[in-house]
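>>> Have a look; sequence and predicted model below, questions after that.
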There are 2 protein chains.
Amino acid sequence: MKRVKLVVAYDGTAYHGWQLQPGRRTIEGELNSALSALLQKEIQVIGASRTDSGVHALCNVAVFDTDTRIPAEKISYALNQRLPEDVRIQSSEEVETTFHPRHCSSRKTYEYRILNAHFPIPTKRLYAYFTYVPLDVKKMRQAAVYLEGEHDFKSFCAVGAVVESTVRTIYELTVEKEADEIVIRVCGSGFLYNMVRIIAGTLMEIGRGNGRPESVKTILEAKDRQMAGPTAPACGLTLVKYDFL
Amino acid sequence: MKRVKLVVAYDGTAYHGWQLQPGRRTIEGELNSALSALLQKEIQVIGASRTDSGVHALCNVAVFDTDTRIPAEKISYALNQRLPEDVRIQSSEEVETTFHPRHCSSRKTYEYRILNAHFPIPTKRLYAYFTYVPLDVKKMRQAAVYLEGEHDFKSFCAVGAVVESTVRTIYELTVEKEADEIVIRVCGSGFLYNMVRIIAGTLMEIGRGNGRPESVKTILEAKDRQMAGPTAPACGLTLVKYDFL
């Protein structure tokens, strides 16, 4: 028996997120079906990050156990033949049988893209959130600084999420202007449910002039979801980097 | 009666190109329907560039005549409400009634995007052509130089296209590497049918080592479509700039 690690890229537009759900298309479901058909045995992957409905990924991670004689490195090619075109394995390799993608320290980077232009651009509509309201990138950057480091992010966690602790560490949070797009890039060891989208929604509120950059400090201290901005739409969010430490 | 010029962006994935075709979704068809409904009169636009099935645009141009009292600048907003989300007007303005987008000199820029990576990336699949065969950008650049300037591009024109002359001028043809993408950017006054895609297909052949950069000279001189490379797939092509001189 060996454990195989997959790096998985997907366009989340047509999926109800990562996690298996009966009767709905999910990334986990597609992987399980394709692997089970390929290896002719019921396979269930363990995913690293359970991305939400509509969220994209360049490099989510999944592992599974198998006694197949197909070399681990070749599984990516064979699996891509069986997956729909909006899901593509980027690599497959054998890892220690004790490796569990959710029980080891990691560093994840998400990008939230905003098209800030006069009108929507159709070729960007699936991968960036559009707003014509001008956003002040400088203010968004000033606000971002308050979120870096270790904090209780309770105000930035979806109501109803059950977690032991809402303390998380953001290693880096940057806001860059790339032509008519604004890219919020956030790197951390782990994120609460909807945390990146609530951060994006809050920074956008500040960017459009609702609240000063310093207000983020007050929002953090309140530990109250209602104090933060709205949850930004899923389409703008992509998991772009996943490193295990 | 006034003439209104529209700048139109679209994701060509779901369309059978620009030009009106009975029973098929086309960009021209969508514009005619939306305008006719908005202005409550049968409207037929005149398009600048009749892009092919699957080709994208950031800025194609269309004009139409109307006696509406809606200010020309407001038509973009009203029209976007009625268009599908993969077609978006970028601007609308009144122009001289003699302005015809195909009868005046212009400068068009197309981009052909190639994802040159080990595996396809789902979020790029609709807007870039994927190939895992490593392409030598330096060779592609050397070949591109021979195509710049005024030439008879008969070898780069789809067989069967009816045109008076196959002489065209390419002002600039560049090949850039952007992370794992290669972008071929070509600027000219006008292009023959499939010309940009045949140029892209020919440069890719040279990039993968089939033929030397200098062979492009021979291909041009032959005036024979069979001498050039294959027509590259439509998804990689986007009309990115359109200037009237």
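Nice, thanks for sending it over.
>>> show me the contacts for the spatially most distant residue from the centre of chain A.
Going by CA atoms, centre = their mean, the residue of chain A most distant from its centre is residue A:69, 32.8 Å out. Counting by CB atoms under 8 Å, 6 or more residues apart in numbering or on different chains, residue A:69 touches no other residue. From N, CA and C alone the C-beta is placed, and that goes for glycine too.
>>> So it: helix, strand or coil?
coil (DSSP: H, G, I helix; E, B strand; the rest coil).
>>> and what of the one 4 residues further on?
Under the three-state scheme (three-state DSSP), residue A:73 adopts helix.
>>> Return the distance of the residue lying closest to residue A:216 once chain neighbours are set aside relative to chain B.
Sequence neighbours aside, residue A:146 is the residue nearest to residue A:216 in space, at 4.2 Å (criterion: CB to CB, 6 or more residues apart in numbering or on different chains). Residue A:146 sits 31 Å away from chain B, going by CB to the nearest CB, to the nearest Å.
>>> burial count for residue A:146?
17 (other CB atoms under 10 Å in any protein chain shown).
>>> ok, now residue A:110?
26.
>>> That one - that's part of a helix, no?
No. Using three-state DSSP, the assignment for residue A:110 is strand, not a helix.
>>> how about it, what does it touch?
Shown in contact with residue A:110 (CB under 8 Å, 6+ apart): A:185, A:186, A:191, A:196, A:237, A:238, A:239, A:240.
>>> rerun at 7 Å
Residues in contact with residue A:110 (CB atoms under 7 Å, 6 or more residues apart in numbering or on different chains) are A:186, A:196, A:237, A:238, A:239, A:240.
>>> Parallel or antiparallel, list what pairs with the helix or strand harbouring the fourth one.
Following DSSP states H and E, one finds residue A:238 within strand A:237-244. When pairs are called by DSSP bridges, strand A:237-244 turns out to pair with strand A:56-66 (parallel), strand A:106-115 (antiparallel).
>>> tell me which residues in the longest one are buried?
What it means is strand A:56-66. For strand A:56-66, burial by neighbour count (16 or more other CB atoms under 10 Å in any protein chain shown) applies to A:56, A:57, A:58, A:59, A:60, A:61, A:62, A:63, A:64, A:66.
>>> Grab the CA positions of that strand and hand them over as CSV.
Only the C-alpha atoms of strand A:56-66 are listed here, as CSV (Å, rounded to 0.1, in the frame of the first residue of the first chain):
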residue,chain,number,x,y,z
HIS,A,56,-10.9,28.2,-8.1
ALA,A,57,-7.6,26.5,-7.4
LEU,A,58,-4.2,26.2,-9.1
CYS,A,59,-2.8,23.8,-6.5
ASN,A,60,-5.2,22.2,-4.0
VAL,A,61,-3.8,18.9,-2.6
ALA,A,62,-5.4,15.5,-2.1
VAL,A,63,-4.0,12.2,-1.0
PHE,A,64,-5.3,8.6,-1.3
ASP,A,65,-4.0,5.1,-0.6
THR,A,66,-3.6,2.5,-3.3
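>>> So what's the gap between it and the chain middle?
13 Å (CA atoms, centre = their mean, to the nearest Å).
>>> May I see the domains of chain A written out as residue ranges?
Domains of chain A are assigned by automatic domain parsing as A:2-95, A:106-244.
>>> can I get those in a markdown table with mean pLDDT?
Formatted as a markdown table, the domains of chain A follow (pLDDT from 0 to 100):
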| stretch | mean pLDDT |
| --- | --- |
| domain A:2-95 | 97 |
| domain A:106-244 | 97 |
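>>> Columns distance to residue B:205 on top of those domains, output as JSON lines?
Below are these laid out as JSON lines (distance: least, CB to CB, whole Å):
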{"stretch": "domain A:2-95", "distance to residue B:205": "24"}
{"stretch": "domain A:106-244", "distance to residue B:205": "27"}
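>>> now the strands for chain A?
Using DSSP state E, the strands of chain A run over A:2-10, A:46-47, A:56-66, A:87-95, A:106-115, A:129-130, A:149-152, A:167-178, A:181-188, A:237-244.
>>> Could you list the buried residues of the fourth one?
Looking back up the chat, that one is strand A:87-95. A:87, A:88, A:89, A:90, A:91, A:92, A:95.
>>> ditto for the fifth one
Neighbour counts over strand A:106-115 (16+ other CB under 10 Å) mark A:106, A:108, A:109, A:110, A:111, A:112, A:113, A:114, A:115 as buried.
>>> Can you tell me which of the residues you listed is nearest residue B:16?
residue A:115 (26.6 Å; CB to CB).
>>> Do I have it right that that closest one meets residue A:128?
Yes. Using CB atoms under 7 Å, residue A:115 is in contact with residue A:128, at 4.3 Å.
>>> anything in contact with each of the two?
residue A:181.
>>> so how far is chain B from the residue farthest from the centre of chain A?
Separation of residue A:69 from chain B (CB to the nearest CB): 23 Å.
>>> how far away is that residue from residue A:43?
Distance of residue A:69 to residue A:43, given as CB to CB, to the nearest Å: 15 Å.
>>> just residue A:57 next, same as before
Distance from residue A:57 to residue A:43, counting by CB to CB: 20 Å.
>>> likewise residue A:130?
Distance from residue A:130 to residue A:43, by CB to CB: 39 Å.
>>> again, but for residue A:190
Distance of residue A:190 to residue A:43, given as CB to CB: 26 Å.
>>> Between these two, which has more neighbouring residues?
The neighbour count for residue A:190 versus residue A:43, taken as other CB under 10 Å, is higher for residue A:43 (19 against 14).
>>> Please list all residues in contact with the nearest residue to that one once chain neighbours are set aside.
Computed as CB to CB, 6+ apart, the closest residue to residue A:43 that is not its neighbour in sequence is residue A:35, at 4.0 Å. Residue A:35 sits next to A:43, A:45, A:64, A:79 when contact means CB under 7 Å, 6+ apart.
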